[in-house]
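*Asks:* Generate coordinates for the sequence data below:
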Amino acid sequence: MTVFVLDAGELIGLENNSRAAWARLRAAGSSSDQLFVPTGVIGQVWRGTPQQARLNQALKQCRPIPLEENMARLAGYLCGRTGTTDVVDAIVAVVAHSALRYDEATVLTSDPEDIGALLAVMNSAARVVPV
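*Replies:* As a prediction, this is how the structure comes out:
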């Protein structure tokens with residue numbers, strides 16, 4: 001099983017009706033794969049408008065991953081080690097690394113360089129797929 005961790009770029013693609021993003025969502029949904037979305041990522045993109053009906057539909061197919069204190073501390077540490085200020089990117093990396101306990105983890109991201117650098121600090125085997 002692969003856990004796919006979605007970042008804001010992938011959620012925006014779903015909201016904008018990207019055929020590629022919806023194909024990835026359908027493929028994961030029709031297999032034993034799982035879709036994780038850190039709740040911080042939801043906060044980045046959610047505005048609660050009627051125009052987000054597609055995004056709402058997509059989020060119903062995902063497992064929201066809440067931020068726990070140990071994850072927040074690790075995300076802050078990663079930001080310090082890489083010099084980034086994007087805590088949500090660091091949380092995405094932490095969730096992906098944690099998801100490796102299921103088998104494989106892949107981050108679907110519009111920011112592959114930063115996510116890759118964050119994962120590298122943890123020597124993580126999680127994969128990064130640009131979207």
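*Asks:* Contacts only, for the residue lying farthest from the centre of the chain.
*Replies:* In the chain, counting by Cα atoms, centre = their mean, Pro50 sits farthest out from the average C-alpha position, at 23.3 Å. Pro50 sits next to no residue when contact means Cβ atoms under 8 Å, 6 or more residues apart in numbering. All C-beta spots, glycine's among them, are computed from the backbone N, C-alpha and C.
*Asks:* Please state the offset of stretch 16-24 from the chain centre?
*Replies:* Relative to its chain's centre, stretch 16-24 lies at 15 Å (Cα atoms, centre = their mean, to the nearest Å).
*Asks:* Quick check: buried residues in it?
*Replies:* Ser18, Ala21, Arg24 (16 or more other Cβ atoms under 10 Å).
*Asks:* Look at the residue nearest to Ser124 when sequence neighbours are not counted and say how many residues are nearby.
*Replies:* By the measure of Cβ to Cβ, 6 or more residues apart in numbering, the closest residue to Ser124 outside its immediate chain neighbours is His97, 4.3 Å from it. Neighbourhood size, His97 [other Cβ atoms under 10 Å]: 23.
*Asks:* neighbouring contacts of the least confident helix or strand in the chain by mean pLDDT?
*Replies:* The weakest-scoring helix or strand in the chain, judged by mean pLDDT, DSSP states H and E, is helix 19-29 (a mean of 92). Residues outside helix 19-29 that contact it (Cβ under 8 Å, 6+ apart) are Thr2, Phe4, Glu10, Gly13, Leu14, Asp33, Gln34, Leu35, Ala58, Gln61, Leu108, Val131.
*Asks:* Stretch 119-131 now?
*Replies:* 5, 9-10, 13, 20-21, 24, 74, 78, 81-82, 93-94, 96-97, 99-100, 104-110, 112, 115-116.
*Asks:* mind listing what's buried in that stretch?
*Replies:* Those would be Leu119, Val121, Met122, Ser124, Ala126, Val128, Val131, for stretch 119-131 by 16+ other Cβ under 10 Å.
*Asks:* Just name the closest of those to Glu69, please.
*Replies:* Nearest to Glu69 among these: Met122, at 17.5 Å, using Cβ to Cβ.
*Asks:* Alright, calling it a day.
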